[in-house]
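# sharing a model prediction with you, sequence too.
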Amino acid sequence: MPVIIGAMEYPAQLVDKMKDVGVNVDAFDALSVAMEAGSARAVNIALMGRLSKYFDFTQEEWMAAIEASVPAKALELNKKAFQLGAEA
C-alpha cells in the first residue's frame, strides 16, 4: 500500500528509509495543489483525490459522500481540490 506524503519537503532520509523496508512512497506537494484549488484548507481534499487512485473511488462518490455535510458554496472548491489531487 502506498504512503501518501503531503509535502515534498520531508527529509530525503525518511523517504529512503521507508523505501528500504518496502514501503511505497508517493510524495507530492499537497499544499501547492490545495492553493491551486483556491484554499489552504483544501489540503485534505487534495489528499483524498490522491488516494482515490489507490482505493478505487471516484470524484462522484467523494462528492456524494460529503454533499450533505458541506455547505453548497464549498462544494465547487471540494470538487476542484479533489480533481487536482487526483491529477498531481
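Perfect, thanks for sending it.
# CA only for contacts and neighbour counts going forward, please
OK.
# other residues contacting the strand or helix carrying residue 52?
Here residue 52, judged by DSSP states H and E, is contained in helix 43-55. Here helix 43-55 makes contact (C-alpha atoms under 8 Å, 6 or more residues apart in numbering) with 1-2, 4, 6, 30-31, 33-34, 58-59, 78, 81-88.
# these in strands, which ones?
Among those, the members found in strands (DSSP state E) are 2, 4.
# report the separation between residue 64 and residue 79.
Note on residue 64: its distance to residue 79, by C-alpha to C-alpha, to the nearest Å, is 11 Å.
# which of the two has more residues huddled nearby?
residue 79 (20 against 10; other C-alpha atoms under 10 Å).
# could you pick out the buried ones from the contacts of helix 43-55?
Applying 16 or more other C-alpha atoms under 10 Å to these, the neighbour count classes 4, 6, 30-31, 33-34, 59, 78, 81-86 as buried.
# and the residue nearest in space to the middle of the chain, what pLDDT?
Central residue of the chain (C-alpha atoms, centre = their mean): residue 47, 1.4 Å from the mean position. In the predicted model, residue 47 carries a pLDDT score of 91.
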